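1. with the sequence up front, the predicted model follows.
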Amino acid sequence: MAPAKKCVMVVLFSGLAVSAQQSQPASAYDVARLKAGLQQVIEEHDRIVGLLEQNKQVTEAIIQRLQAVEEKSAANAAQSRTGLATKADVQALQNQIAQERKARELAMAELIRSVSQEISRVGGGGQTGGGTTGGAVSAGATQGVYTVVAGDTLSTIAKAFGVSVTALKQANNLTDDMIRVNQKLTIPAP
């Protein structure tokens, strides 16, 4: 560090030193003035070196923070891509479930219609009194008697025969939705 100080002193005060050498020997005042100027240069040099060191530390800290942010950003981007794939997968599964549900409803409606037609064909159409027994809700006679089996509800029976729950309840003088296995229900015309 000493050579750098000499360099600065020689560069800054070379003009003063030359003029002092050319005229007369340096007086005590000139020497004191040169020493004071040299001291200021050394202090300024030390201050600049300190600022450069601080700047270097700040720069290194900024670089470290930028690297951390870059790493976090890359991790977030990877996680985001994974999250988007997961969301897309969930959406696709929900769409498949909805399509499957709709297909089951259509198949059930077709089955009910088909069974109703077959029962009407075999049973002679709108006869009353014959009814159906056993199994799940059997769609059938548009006017007839139906025997309740385990798992039946008024709404499933009404839906199977194409009538409203209210009409079914009225036709059977029911005041609530309670039905029992083997109970005979009159099916009203739709």
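-> Arrived safely, thanks for sending.
2. hey, let's count contacts and neighbours off CA atoms from now on
-> Noted.
3. how about the helices in the chain?
-> For the chain, the helices defined by DSSP state H cover 2-22, 28-123, 154-161, 165-171.
4. just those helices: most buried one?
-> Neighbour counts (mean count of other Cα atoms under 10 Å) averaged over each of those peak at helix 154-161, with a mean of 20.
5. tell me what that helix is packed against?
-> With contacts taken as 3 or more Cα pairs under 8 Å, 6 or more residues apart in numbering; DSSP states H and E, helix 154-161 sits against helix 165-171.
6. quick check: the gap between Leu38 and Gln79.
-> As judged by Cα to Cα, to the nearest Å, Leu38 and Gln79 stand 61 Å apart.
7. per-residue confidence at Leu174?
-> What the model reports for Leu174 is a pLDDT of 94.
8. thinking again about what came up before, which one, of the helices of the chain, ends up nearest to Met178?
-> helix 154-161 (8.1 Å; Cα to Cα).
9. could you list the low-confidence segments of this protein?
-> Within the chain, the stretches with pLDDT under 70 are 1-26, 81-85, 117, 120-143.
10. nearest to Gln183 among the helices of the chain would be which one?
-> Closest among the helices of the chain, using Cα to Cα: helix 154-161, at 11.7 Å.
11. tell me the angle the closest one makes with helix 28-123.
-> Helix 154-161 runs at 60 degrees relative to helix 28-123, counting by axes from the mean of the first three to the mean of the last three Cα atoms, to 10 degrees.
12. so how far is helix 154-161 off the chain centroid?
-> Remark: helix 154-161 is offset 41 Å from the chain centroid, using Cα atoms, centre = their mean, to the nearest Å.
13. same deal with stretch 28-37?
-> Relative to its parent chain, stretch 28-37 has a centroid offset of 75 Å by Cα atoms, centre = their mean.
14. now distance to Asp177 too, for the helices of the chain, in TSV please.
-> Putting the helices of the chain into TSV (distance: least, Cα to Cα, whole Å) gives the following:
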stretch	distance to Asp177
helix 2-22	103
helix 28-123	22
helix 154-161	6
helix 165-171	8
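15. do you know which of these lies nearest Arg180?
-> Once these are compared by Cα to Cα, helix 154-161 is nearest, at 10.5 Å.
16. run a quick neighbour tally on Lys184.
-> For Lys184, the neighbour count with other Cα atoms under 10 Å is 18.
17. okay, now the residue nearest to it when sequence neighbours are not counted: neighbour count?
-> Residue nearest to Lys184 in three dimensions, not counting chain neighbours: Thr147, with 4.5 Å by Cα to Cα, 6 or more residues apart in numbering. Neighbours of Thr147 under the rule other Cα under 10 Å: 19.
18. my guess is Thr147 contacts Ile187. True?
-> No - between Thr147 and Ile187 there is no contact under Cα atoms under 8 Å: 10.3 Å.
19. which residues touch Ile179?
-> If you count contacts by Cα atoms under 8 Å, 6 or more residues apart in numbering, Ile179 has them with 148, 153-154.
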